[in-house]
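*Asks:* Generate a structure from the sequence data that follows.
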Amino acid sequence: MLSEKQKLDTLMLLGIELNRIHDLDILLERVLTRARQFVNADAGSIYIRQGDRLIFAQSQNDTLQSKLPVGEKLIYQTFSVAVDPTSIAGYAAATGKLLNIPDVYTLSPDKRYQFSRRFDQASGYVTRSMLTIPLITSKKEILGILQIINAQDHEKRIRPFSQTDEKVMLHFAGMAAVALERAQMTRAMILRMIRMAEMRDPRETGPHVNRVADFSLEIYEHWARRRHIPEKEIDKTRDVLRMAAMLHDVGKVATSDLILKKPTQLSSEEYEVMKQHTIQAPDSFPMFSPITMKRPPSSP
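*Replies:* Below is the predicted model of the structure:
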């Protein structure tokens, strides 16, 4: 485990790392991973605020992950909780206060917030210590909640989160909020472009581009690991690949309606024009033109 000084020194470099990630989903994953590493926690979650609700956006659990075959990922169901004092995450979002709970199963019934045991009962996991930190923007608005679960000692025994953990995670949450706010702005710009493409082609939808992005990442990760590509290179490529995949059809705005909406089969010449939409998006939106990838080696 890192000392307090080592953790604070590492935070400086971590801020640079987070700000190099542009895709919101990749950033959420990285924020949660780094947060757990800092305090040696077994599990954690991130909630993003939307109005008066907190949307469950990212989850990690090393104990449950270790029970899966190599290469498989945990599947979790997205849900939301109210921003109010009745739940632990809701209380932190409603008040802007950090909560450090040594054992969620021994919470006093006098507390306004209580721990929901539904996840533990469904998964067989046992939650004990929990550190819940609000993600607060520069405008003092609650962007979301970072929740770290089951801190561990050197022998992997569950321990309470310390005051040092609190201090480090408060610094970390501040940097994470800045990076996440920027990534949300980038995602909003991408979704506006997608909505513009929808006007030209109603078959193009937000859920479609998210599915394409997710499938692209899965295919790339399996391909890269089979070829022993370094994890650092995989992480770097995942970020640009996901955004590029989401924008894969935006270039349709430059395609003639005579071709795009033709009810019958395209001619060979029209088909060649149609294929150009995949490379016209960067020219139409130069802010995304730096998205480049190294050409992969030829497969045997």
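
*Asks:* Phi, psi for the spatially most distant residue from the centre of the chain please.
*Replies:* The centre of the chain is farthest from one residue, Ser267, which by CA atoms, centre = their mean lies 41.9 Å away. Reported as degrees, to the nearest 10, the phi and psi values for Ser267 are phi -80, psi 170.

*Asks:* Could you pull out the buried residues of the longest helix along the chain?
*Replies:* Using DSSP state H, we find that the single longest helix of the chain is helix 163-200. Within helix 163-200, the residues that count as buried by 16 or more other CB atoms under 10 Å are 165, 168-169, 171-180, 182-184, 186-187, 190, 193-194, 197-198, 200. No exception for glycine: its C-beta is placed from N, CA and C like everyone else's.

*Asks:* now swap in stretch 227-246 and tell me
*Replies:* For stretch 227-246, by 16+ other CB under 10 Å, it's 229, 234, 237-246.

*Asks:* Quick check: of these, which lies closest to Phe56?
*Replies:* Arg242 (19.7 Å; CB to CB).

*Asks:* Quick check: that closest one is in a strand.
*Replies:* No: checked against DSSP: H, G, I helix; E, B strand; the rest coil, Arg242 lies outside a strand; its state is helix.

*Asks:* Tell me where the chain has strands.
*Replies:* Along the chain, counting by DSSP state E, strands occupy 41-50, 53-61, 80-82, 99-101, 130-136, 142-152, 158-159.

*Asks:* quick one, which of those strands is nearest to Asn210?
*Replies:* strand 53-61 (13.0 Å).

*Asks:* Which strands and helices lie in contact with the closest one?
*Replies:* Secondary-structure packing of strand 53-61 (3 or more CB pairs under 8 Å, 6 or more residues apart in numbering; DSSP states H and E): helix 24-39, strand 41-50, strand 80-82, helix 88-95, strand 142-152.

*Asks:* Surely Gly251 and Lys275 touch.
*Replies:* No: applying CB atoms under 8 Å, one finds Gly251 not in contact with Lys275, separated by 10.0 Å.

*Asks:* Which one of these two is surrounded by more residues?
*Replies:* Shown here are Gly251 and Lys275; by other CB atoms under 10 Å, Gly251 has more neighbours (20 against 12).

*Asks:* So that one versus Met196, what's the distance?
*Replies:* Plainly put, Gly251 is 11 Å away from Met196 if you go by CB to CB, to the nearest Å.

*Asks:* and among the helices and strands packed on strand 53-61, the most buried is which?
*Replies:* strand 142-152 (a mean of 24; mean count of other CB atoms under 10 Å).

*Asks:* Taking strand 53-61 as reference, get the angle to that one.
*Replies:* Using axes from the mean of the first three to the mean of the last three CA atoms, to 10 degrees, the direction of strand 142-152 lies 30 degrees away from that of strand 53-61.

*Asks:* Against which helices or strands is strand 142-152 packed?
*Replies:* Secondary elements touching strand 142-152 (3+ CB pairs under 8 Å, 6+ apart): helix 24-39, strand 41-50, strand 53-61, helix 88-95, strand 130-136, strand 158-159, helix 163-200.

*Asks:* Ok, which of these comes nearest Leu258?
*Replies:* helix 163-200 (12.2 Å).

*Asks:* Any regions of this structure where pLDDT drops low?
*Replies:* 1-8, 197-206, 280-300 (pLDDT under 70).

*Asks:* Quickly list the domain ranges of it.
*Replies:* Following automatic domain parsing, the chain resolves into domains at 4-183, 187-288.

*Asks:* is it true that Ser80 touches Phe56?
*Replies:* Yes: using CB under 8 Å, Ser80 is in contact with Phe56, at 6.6 Å.

*Asks:* Name the nearest residue to Gly71, sequence neighbours excluded.
*Replies:* Distance criterion CB to CB, 6 or more residues apart in numbering; nearest residue to Gly71, sequence neighbours excluded, is His222 at 7.1 Å.

*Asks:* Could you report the neighbour count for the one you found?
*Replies:* Count around His222 with other CB under 10 Å applied: 11.

*Asks:* Pretty sure it sits against Lys73.
*Replies:* No: between His222 and Lys73 there is no contact under CB under 8 Å: 11.4 Å.

*Asks:* ok, back up a step: Val31: which of the buried residues of stretch 227-246 is nearest?
*Replies:* Asp239 (13.1 Å).

*Asks:* quick one, what contacts that closest one?
*Replies:* Counting by CB atoms under 8 Å, 6 or more residues apart in numbering, Asp239 makes contact with 20-23, 26.

*Asks:* Mind doing that once more with 7 Å?
*Replies:* With contact set as CB atoms under 7 Å, 6 or more residues apart in numbering, Asp239 has these partners: 21-23, 26.
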